[in-house]
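Novice: okay, sequence plus prediction incoming.
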Amino acid sequence: MEKAKVAFFDFASCEGDQLQVINLEEDLLKVVEAVEIVSFREAMKGHSDDYDIAFVEGSVTRRSDEARLKEIRKNAKVLVALGACATLGGVNLLKNFQEAENVRKFVYGDKAFQYETYPARPLKAVVPVDIDIHGCPINRHEFVMVFKSLLLGKKPEIPNYPVCVECKMAESICVFEMGMTCLGPVTRAGCGACCVTEGSYCWGCRGLVDNPNADSQREVLAKYGLGLRDILNKFRLYSGFSEVAQ
Amino acid sequence: MALQIIEKSDLAFFVQNLMDHFQLEGVQSKGQSVYGQAFFYGTIRSPAELCLDFDCTVMPPKKYFLPPQEALFRFQTGPSPACFECRPNKPLVIFGIHPYDLKAISQMDRVFAAGTPDPHYLARREATILIGIDPTHVAPRSFWASMEAAVVSSGFDLMMTDLGANYIVETGSEKGKALLGDYAKVRPATSDEVRQRVSQRSHIADMGQKRGLTFPKREIPILLQHSLTSPLWEENATKCLSCGTCNLVCPTCYCFDVWDDMELNLTQGQRLRRWDGCLLSDFARVATGENFRGTRTSRYRHRFYRKGQYLFFGILDDVACVGCGRCAAFCLPDIADPVEVFNRLKEKLN
Amino acid sequence: MNAKAERIIQVHHVTRVEGHGNIEVKIKDGRVEECQWQVVEAPRFFEAMLRGRKWYEAAHLTSRICGICSIGHTICSLKATEAAMGIAVSEQTAQVRKLLLHAENLQSHLLHLGYLVLPDLLEKPSVIPLAQTHGEQVLLVIGLHRLANEMSDRLGGRTTHPQRPVVGGFARWPTTEEMETLSQKLESARTDVMALADFLGSLIEKFPRFARETEYIALTHPAEYALYEGHIGSTDDGQWPVEQYKGIVNEYLVPHSTAKFTRHKRAAYMVGALARLNLNYDKLSPGAKEIAGKLGLKPINSNPFMNNAAQLVEVVHCFEDSLRLLRDLHARGLKDERPAVSVKAGRGTGAVEVPRGILFHEYEYNKDGEIVWANCVIPTNQNHGNIQMDLEAFVDQIKERPTEQVELMAEMLVRAYDPCISCSTH
Amino acid sequence: MKYQPLADISPYLPQWAEISRIQKLTESERLFEMHLADGEPLGHKPGQFIELSLLGIGEAPISISSPPGVENSFELAVRKVGNLTSAMHRLKVGDRVGIRGPFGTHFPVDETQGKDILFVAGGIGLVPLRSFIKFVLEHRRDYGEVTILFGARNPSEQLFLDELEDWRRRDDLRYLESVDRPDPNWTGHVGVITTLFPYIHVDPSKTYCVVVGPPVMYRFVIVEAKAKGIPDTHIFLSLERRMKCGLGKCGHCQINHLYVCQDGPVFRYSDIFDLEEAL
Ligand SMILES: Cc1cc2nc3c(=O)[nH]c(=O)nc-3n(C[C@H](O)[C@H](O)[C@H](O)COP(=O)(O)OP(=O)(O)OC[C@H]3O[C@@H](n4cnc5c(N)ncnc54)[C@H](O)[C@@H]3O)c2cc1C
Ligand code: SF4
Ligand code: SF4
Ligand code: SF4
């Protein structure tokens, strides 16, 4: 059987997700064994436009980036969005909630006009995306799971239940009990509640579940002392593209 | 076997001995939350870690018999596919289970033994020795007394009660008897101590009465029979986050999902099962997209019916809630509390 | 070869670096007419996005500036917030943070040397074919890289974008068991580290001979090889408290780059492993010094390619110093300290050394603990100017060579800096 | 606690079956004829299902479409809708699949002896029903009048064309068919399946109605059946639910106190008519 050809690309991002792929260590050798990697700028020289699966990290923040993404979409049979920036727009979206000119000027001063930008957006706002691998950064085990599913011809099972499920399985104490607040009840699981287990709380980096009860979540956050602005800010950190954050 | 006494000063000896001969699991403090200490079941590595005066653990001990995730079998694909069974049998002693959790385990035993017995659950169960302990504190949301789970007379290998100066121990099985004989320093209880136990236990039952049902537990199925169209379901369910917490923390919830995980070589793998919850939105969705419990209300209501009626008539002849109050404590919108729901239904019906 | 002809050398998206950068060179009549290092990465406007966010979110957000040095950004951000609010952290916090920085240096340097540079030295397009030809060494790199990741995991709660370090301390401490396991693993990896150092060391002579004098800037500290704290130091002489970083970096914009450039006393300066080594050589751990000696690396070395060698020396240093820190922490016993924060208005600067050089974060908070102003200066920002100048000098030196070679060597030069391009265009 | 003796073999382990024939039924449905690798008969009754395993892909409940007793082989008709079913469509003759079961209740083969039967199949509902229909036709003399109603969304979704042709020709049964959306070549009846009811005549005192189809169809067909005077106790149907174990444990298929995998999939209408969520 001919090996599937795989390519990696990135747009506005920290490349932390491709790093997770590299962080597979020994398993990375098995991954590259199973497929042919034709493009992976962060790790190899050379490039080809002949690929089946494209893993794309980052969000689109410039109109001029759209053409490159559309080209990738055209070449790829399967397009996988890699990480929060690609699946949700990620933290990049925060600038969308400020006045655009002001944002540019704040960083680049009087030369702001030199720097092209437009409201940040997830890949799916520009091209159809087949699979989302959520997370900031992605969970490398989930990457492997998706990778294997693709090779097996299966649609990967990305959870549609909230982080609380995995949080309970990990036997963490709910952070609401610790006097903090958490986006776990409306955030898509798959991370193993990694932030809660490490002493933090869920920031929402995997985006919302399909049918979140945002109203109830707002009430809960308010009950635990969060003001309206804080609540909105919480949703906007990663889910700025969903209507919940508007 | 008559009731035995373990002096408090000899407890560490017993625990240390158990640690030396078994994998010993017990209750530990996981640190302070704003509501008090949080307790959990974990491996005991020194006698000092074992905590016996807890009020309630965050998660019940069900993970020892039905782990959050476990392999049903391993397999190999290819021209001659093969399956290899993995049947667990690691011997385990769990030290410190409250009566309500013991009762929950007895219920699970019946569920997994009914019909086609589940070998995984049962093998784990058989390899485990349960040491119960009567509560000395009641968690704020517990209501086990009204679920007839303040005191149990079976379902344990050993059952201990804290009498202040010492522990009085009842033996519930041959295994328990051997455990005491081999690893503990005991003496027979005096009749005074036996009487003390009786009064201590009735005290426990009283402590647990602080909150509870306003009516006898056995009426729950009938109450539900008349409450199908109660507006309460919808009223509460609009706040439901579909987070499944109430399922996952419950000692009598056991639904699971099954899936295959392949290794990267794509020829070997395992079939796994992991906890699932009927409150999760896709629990009853089928491949064609139909969701047989697509609304929050239907899922929310289902849980109460399953606890209060379906399993009652099906397998248990009892309500599948032991009153630990975990669901009540951890449901963020605070709508999952069975005692509140049942009492309100009763009120509305009257 | 026809020296008269015009040759255009274009490297569109330099590979095996983080982010998007291009090299453009025009050689005409044997003269380098044009030579440019272009940064084409999309800007993300982190400083603007920080405005209005709470004090406990700053580190989470700025960590996302860079996937590779997310630990460094986290710690730098925490220090800036702590400086702004006048929060002092415990010795224990400082030590675990130092360990985390070591972990990150190990992660990053091993990744750079083993996965990105090694293929150049062995003339392969990537590390993948090396698995066949140099299986043993590749497994060595992978094994050590995994250990570095595990170190970040156990101390910071994640390999990337750590969760445990918070303002004032740690949200969760590693357990004694975790620390012990870590010590054991590091201890037993000692021979591997040395084996790797020897192997890479033996290839060092393959780097081009090239030198260009420049200014080197890094943190310095009287007592230690400065990574976590210290003053800003320069090989051109002088020391400044970190609050005065603006007087050092002097950011400016160039039209062909979305990232800012910096300059200090000269037209450009260099930061990173080589800068640190040039400034703080004396404070290296014994084993690190030994390796430096073997590599012939002494201050002041002005061959940018030797940045790779300096990274190798730092791998040994971080490794040895981690063991020392772990021993120290173990001896004193970890206390379960809870961070205490009282929110107040203020302005503060944090500086730490991250794999690619000195990093600055500066925030201003209002009384509600919301950021009203922010500035981040990334190491690669500070290197862009120096890359440009090295490129000009280096290309001039090799301009007679065949086009592909010029292309490859120019790329190698850029790669030697281990630039974090998207990070510099934050 | 008293344990029942445990089976030697875990009920979660599949046994092997080998595919001996594959037939394309429609664009999205295929028929797989297979036999157990150990040569034993499957031993099923019409209406039962098996859990079909492809290792590494997963497991899904699939009805046994053939009647019992066919030379130790059995047939499954699989519609491609997701992971397992798509992977199934990629298999070739000679490949092995995993089988658990047969599971569940079956159609009332004995109770209906000597009675008239009205079969109502909607779309892929014909797959499980076919097992019963074929059984009845094989034992034709044991049963009374046989009527088959079959509705498909459009002509290209009609399954088992040869068999339909046979039923059309036979004079020992009445076969009526309909499509919701005809194509230009369709000359038959058009409309949802209930629009066929006016064309049939049943004797309510001795007719059993057996219905299998998509969830929406049940409610409408039951109304028609009841309108014909067929009592609730003589109406049978087969329900689909999500299933993960087939053993009445995992909870997914539960309808009130009933587990579809154990107490169903075939139900007597009078047993479930008052259950919330059943239909
Ligand atoms: C008793 C019984 C008998 C049956 N008999 C037959 C038969 O004879 N022939 C037949 O073809 N089928 C039959 N079925 C149906 C069959 O079991 C399903 O079609 C099968 O389970 C699909 O499995 P799959 O792995 O192919 O699909 P899956 O991959 O599980 O899912 C298919 C589709 O549903 C979506 N999906 C899956 N899970 C979810 C979810 N949680 N949330 C949202 N979307 C989801 C997927 O994205 C996909 O598009 C029967 C079912 C039952 C209960
Ligand atoms: S900590 Fe967050 S994810 Fe965990 S249970 Fe609580 S709300 Fe849910
Ligand atoms: S009832 Fe409460 S705990 Fe249960 S799913 Fe709903 S919100 Fe979660
Ligand atoms: S339903 Fe709630 S109170 Fe009852 S046993 Fe379950 S978790 Fe405990």
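Specialist: In hand now; what should we look at? Ligands and ions are numbered 1, 2, ... in the order given.
Novice: the strands in the chain, which residues?
Specialist: Unless you meant another one, I'm taking chain A. A:5-10, A:36-40, A:53-57, A:78-82, A:131-133 (DSSP state E).
Novice: please refer instead to chain B.
Specialist: Counting by DSSP E, the strands of chain B are B:4-7, B:23-33, B:36-43, B:69-76, B:82-85, B:92-97, B:128-133, B:158-162, B:166-171, B:187-188, B:256-262, B:268-275.
Novice: turn those strands into CSV, including mean pLDDT and distance to B:D334.
Specialist: Heads up, the C-betas are built off the backbone N, CA and C, glycines and all. Shown next, in CSV, are the strands of chain B (pLDDT from 0 to 100; distance: least, C-beta to C-beta, whole Å):
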stretch, mean pLDDT, distance to B:D334
strand B:4-7, 96, 40
strand B:23-33, 88, 16
strand B:36-43, 90, 17
strand B:69-76, 94, 29
strand B:82-85, 89, 43
strand B:92-97, 96, 27
strand B:128-133, 96, 29
strand B:158-162, 97, 31
strand B:166-171, 96, 36
strand B:187-188, 95, 47
strand B:256-262, 95, 27
strand B:268-275, 95, 22
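Novice: circling back: most tightly surrounded among the strands of chain A?
Specialist: strand A:53-57 (a mean of 28; mean count of other C-beta atoms under 10 Å in any protein chain shown).
Novice: note down every partner strand of that one and its orientation.
Specialist: strand A:5-10 (parallel), strand A:78-82 (parallel) (DSSP bridges).
Novice: tell me the angle it makes with strand A:36-40.
Specialist: Here strand A:53-57 runs at an angle of 30 degrees relative to strand A:36-40 (axes from the mean of the first three to the mean of the last three C-alpha atoms, to 10 degrees).
Novice: send me strand A:53-57 as PDB with only the CA atoms.
Specialist: The C-alpha coordinates for strand A:53-57 follow below in PDB (Å, rounded to 0.1, in the frame of the first residue of the first chain):
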ATOM      1  CA  ILE A  53      -3.200  15.100   4.600                       C
ATOM      2  CA  ALA A  54      -2.400  18.700   5.600                       C
ATOM      3  CA  PHE A  55      -2.000  19.600   9.300                       C
ATOM      4  CA  VAL A  56      -2.400  23.300   9.600                       C
ATOM      5  CA  GLU A  57      -1.500  25.300  12.700                       C
END
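Novice: now chain A against ligand 2: closest residue?
Specialist: Going by C-beta to the nearest ligand atom, ligand 2 is nearest to A:G184 of chain A, at 2.1 Å.
Novice: show me what contacts that residue?
Specialist: A:P162, A:V163, A:C164, A:C167, A:V175, A:A193, A:V196, A:Y201, A:C202, B:C243 (C-beta atoms under 8 Å, 6 or more residues apart in numbering or on different chains).
Novice: in CSV, list the strands of chain A along with mean pLDDT.
Specialist: Formatted as CSV, those follow (pLDDT from 0 to 100):
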stretch, mean pLDDT
strand A:5-10, 93
strand A:36-40, 89
strand A:53-57, 95
strand A:78-82, 96
strand A:131-133, 96
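Novice: skip the chain neighbours and tell me the closest residue to residue 190.
Specialist: If you meant another chain, say so; for now it's chain A. Once flanking residues are discounted, A:G190 sits nearest to A:P159: 4.9 Å by C-beta to C-beta, 6 or more residues apart in numbering or on different chains.
Novice: that was the other one, I meant chain D.
Specialist: D:P182 (5.1 Å).
Novice: ok, now how distant is the residue in chain A sticking out farthest from the centre from C:V254?
Specialist: Distance from the C-alpha centroid of chain A peaks at A:D110, with 32.7 Å (C-alpha atoms, centre = their mean). Distance, A:D110 to C:V254, using C-beta to C-beta, to the nearest Å: 14 Å.
Novice: just the closest residue of the stretch 251-350 of chain B to chain D, please.
Specialist: B:C255 (3.3 Å; C-beta to the nearest C-beta).
Novice: tell me the spacing between that residue and B:Y121.
Specialist: 13 Å.
Novice: cool, D:A227 as well?
Specialist: The value you get for D:A227 to B:Y121, if C-beta to C-beta is used, is 48 Å.
Novice: of those two, give the one with the bigger neighbour count.
Specialist: B:Y121 (22 against 11; other C-beta atoms under 10 Å in any protein chain shown).
Novice: what is the neighbour count of the residue lying closest to that one once chain neighbours are set aside?
Specialist: Nearest residue to B:Y121, sequence neighbours excluded (C-beta to C-beta, 6+ apart): B:F112, at 4.0 Å. By the measure other C-beta under 10 Å, the count of residues near B:F112 is 24.
Novice: ok, B:F112 - contacts?
Specialist: B:F112 neighbours (C-beta under 8 Å, 6+ apart): B:F65, B:D118, B:Y121, B:L122, B:R125, B:Y254, D:K249.
Novice: who wins for neighbours among those residues?
Specialist: Neighbour-wise, these (other C-beta under 10 Å) top out at B:D118, 29 neighbours.
Novice: check the contacts of B:F112 and tell me the two furthest apart.
Specialist: B:R125 and D:K249 (14.2 Å; C-beta to C-beta).
Novice: now do the phi/psi pair for C:R401.
Specialist: Backbone torsions of C:R401, given as degrees, to the nearest 10, read phi -70, psi 160.
Novice: which ones are touching the residue most central in space within chain B?
Specialist: When chain B is reduced to its mean C-alpha position, the nearest residue by C-alpha atoms, centre = their mean turns out to be B:P251, at 2.8 Å. By C-beta under 8 Å, 6+ apart, the residues touching B:P251 are B:P60, B:P61, B:K62, B:Y100, B:D101, B:A104, B:I105, B:M108, B:V322, B:C324, B:R326.
Novice: ditto for D:F49
Specialist: Here D:F49 is in contact with D:P61, D:I62, D:S63, D:I64, D:G101, D:P102, D:F103, D:G104, D:P128, D:P265 (C-beta under 8 Å, 6+ apart).
Novice: pLDDT check: weakest of these?
Specialist: When the contacts of D:F49 are sorted by pLDDT, the bottom entry is D:G101 at 90.
Novice: tell me which strands and helices the one helix or strand it maps to is in contact with?
Specialist: D:G101 belongs to strand D:96-103 when assigned by DSSP states H and E. Counting contacts by 3 or more C-beta pairs under 8 Å, 6 or more residues apart in numbering or on different chains; DSSP states H and E, strand D:96-103 is packed against strand D:15-24, strand D:49-54, strand D:58-63.
Novice: returning to that earlier point: report pLDDT for the residue farthest from the centre of chain A.
Specialist: pLDDT at A:D110 comes out at 77.
Novice: so how far is C:W373 from it?
Specialist: 18 Å.
Novice: ok, B:A149 next?
Specialist: 59 Å.
Novice: can you check D:E71 too?
Specialist: 83 Å.
Novice: now do D:R141
Specialist: On the measure of C-beta to C-beta, D:R141 and C:W373 end up 93 Å apart.
Novice: quick one: list the elements packing against the helix or strand D:K134 falls within.
Specialist: Assigned by DSSP H and E, D:K134 belongs to helix D:126-138. Judged by 3+ C-beta pairs under 8 Å, 6+ apart, the packing partners of helix D:126-138 are strand D:58-63, strand D:116-122, strand D:146-152, strand D:207-212.
Novice: right, I'll call it a day here.
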